[in-house]
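K.L.:
mind folding the following:
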Amino acid sequence: MVRYKHIDTSPRFLAVDLLRQLLPGTFEHALNQLLDHDFDLSDFDARYCNDETGATAYPPAMLLKVILFAYSQGLVSSRAIERACREHVTFIALSGDSTPHFTTIADFVSALGKDITNIFTQVLFICDGQGLIGREMFAIDGVKLPSNAAKAKSGTRAEFARQAGKLEVAVQGMLARHREQDEKATEPDLHAKETKRIEGLKREAAQLREWLAEHPDDRKGANGSVRKSNRTDNDSAKMATSKGVIQGYTGVAAVDDQHQIIVEAQAHGTGSEQELLVPVVEAIADLLDQDSLITADAGYHSEANLAKLFALEVAALIADNGMRGRDERCATQARFKDAPDPVMRRPTSKLSGPPPPPFG
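P.N.:
Purely as a prediction, here's the structure:
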């Protein structure tokens with residue numbers, strides 16, 4: 001019988017040169033080199049006030065290394081990143097075996113703000129210097145992303161005022177019933193439940209009134225219409241998607257054709273893609289040459305957008321809503337209308353024919 005050497009993968013202590021774990025040519029090696037030697041991270045220094053007193057802080061370069069590498073591996077949880085810094089050799093190498101706590105990582109990410117924009121700009125500068133941005137064609141498209149906000153918290157100021165009024169009326173009604181029950185010697189446990197319910201309604205009504213006082217005006221849409229606000233995240237918006245209505249943002253990006261490098265990324269609290277074309281084109285104006293071409297799908301088509309692009313002297317190819325009807329290649333598209341939706345796992349329209357037989 002053939003005999004093989006035993007391969008032991010159990011834990012052990014090894015003498016490891018952490019820097020040598022970052023192999024040249026890999027993303028983690030480039031990330032380590034750029035953040036340590038090429039990027040200007042001086043803007044992060046203003047966050048800390050420990051020059052003379054206080055504990056030492058984790059270097060922003062190290063935190064950015066582990067966070068950006070985690071994102072490249074599909075890890076978007078602070079707890080998962082902390083665990084990787086404790087168990088995964090590449091993360092251990094990038095962090096210098098320092099294992100930042102997940103609360104430190106979460107606080108750093110939540111406070112990135114404009115600092116990450118400067119990092120993004122420096123990345124594009126390096127990519128441009130390496131000849132990775134062709135400047136011939138830029139494709140613009142977007143996706144709707146859910147936010148951490150409840151749809152039930154959305155509405156106009158008038159709707160919120162009506163909700164507050166209804167809650168206050170409900171509180172008065174429950175207080176009246178409570179007094180009636182007191183006269184009838186209701187059991188104490190029912191009193192406790194009633195009191196708790198009344199306090200909750202009072203608190204909700206007070207929060208509505210406070211929000212209305214802090215936001216005296218409704219949000220306005222692109223055409224001057226009223227756009228619904230959200231008391232949890234007022235920058236987000238309620239929007240329809242193929243999977244239902246969500247509370248969130250429309251993320252839009254511009255990508256260079258040569259090496260698929262994202263040169264601009266934005267997020268807006270609106271479900272209308274038409275509003276987002278011009279802001280993205282204006283943001284990438286410095287990258288546009290005389291022969292540069294902008295492409296976008298029918299969601300970005302409008303007469304106002306075309307007029308603005310003409311005024312900016314930007315060449316663009318934007319599909320209109322009737323393009324598929326004129327395209328010979330789409331002549332058979334009607335036969336797919338009754339096909340089951342691959343996302344929702346159900347037919348998009350009622351199918352003809354007799355009903356299925358009952359079970360049994």
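K.L.:
you'd agree Leu201 is up against Val169?
P.N.:
No. Counting by CB atoms under 8 Å, Leu201 stays clear of Val169, with 9.8 Å between them. Just so you know, the C-beta spots here come from the backbone N, C-alpha and C atoms, and that holds for glycine as well.
K.L.:
looking at those two, which is more packed in?
P.N.:
Leu201 (20 against 12; other CB atoms under 10 Å).
K.L.:
roughly how far does that one sit from Leu175?
P.N.:
Distance, Leu201 to Leu175, using CB to CB, to the nearest Å: 10 Å.
K.L.:
so Thr295, which of the three states?
P.N.:
Recorded secondary structure, Thr295: strand (DSSP: H, G, I helix; E, B strand; the rest coil).
K.L.:
and what of Ala311?
P.N.:
Look at Ala311: counting by three-state DSSP, its state is helix.
K.L.:
check Met239 too.
P.N.:
Following three-state DSSP, Met239 is assigned to strand.
K.L.:
setting aside sequence neighbours, what's the nearest residue to it?
P.N.:
Nearest residue to Met239 in three dimensions, chain neighbours excluded: Gly271, at 3.0 Å (CB to CB, 6 or more residues apart in numbering).
K.L.:
local confidence estimate at the one you found?
P.N.:
According to the prediction, Gly271 has pLDDT 83.
K.L.:
what number of residues lie near Leu22?
P.N.:
Counted with other CB under 10 Å, Leu22 comes out at 20.
K.L.:
contact partners for it?
P.N.:
Contacts for Leu22 were tallied using CB atoms under 8 Å, 6 or more residues apart in numbering; they are 28-29, 32, 90, 93-94.
K.L.:
would you reformat these as TSV and include secondary structure, distance to Ala265 and pLDDT?
P.N.:
As requested, the contacts of Leu22 are exported to TSV (DSSP: H, G, I helix; E, B strand; the rest coil; distance: CB to CB, whole Å; pLDDT from 0 to 100):
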residue	secondary structure	distance to Ala265	pLDDT
Glu28	helix	22	94
His29	helix	25	94
Asn32	helix	24	94
Thr90	helix	26	95
Ala93	helix	29	95
Leu94	helix	24	95
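K.L.:
name the member of these that has the highest neighbour count.
P.N.:
Highest neighbour count within the contacts of Leu22, by other CB under 10 Å: Leu94, with 30 neighbours.
K.L.:
report the contact partners of the residue nearest to that one when sequence neighbours are not counted.
P.N.:
Spatial nearest neighbour of Leu94, chain neighbours left out: Lys65 (4.3 Å); criterion: CB to CB, 6+ apart. Residues in contact with Lys65 (CB under 8 Å, 6+ apart) are 28, 31-32, 35, 94-95.
K.L.:
ok, and what's touching stretch 99-109?
P.N.:
58, 60, 62-63, 66-67, 78-79, 81-82, 85-86.
K.L.:
kindly report the same for stretch 324-332.
P.N.:
With CB under 8 Å, 6+ apart, stretch 324-332 has contacts from Gln333.
K.L.:
again, but for stretch 55-64
P.N.:
For stretch 55-64, contacts defined as CB under 8 Å, 6+ apart pick out 35-36, 39, 41, 44, 47-48, 50, 94-96, 98, 100, 104-105, 108, 119.
K.L.:
all set, thanks.
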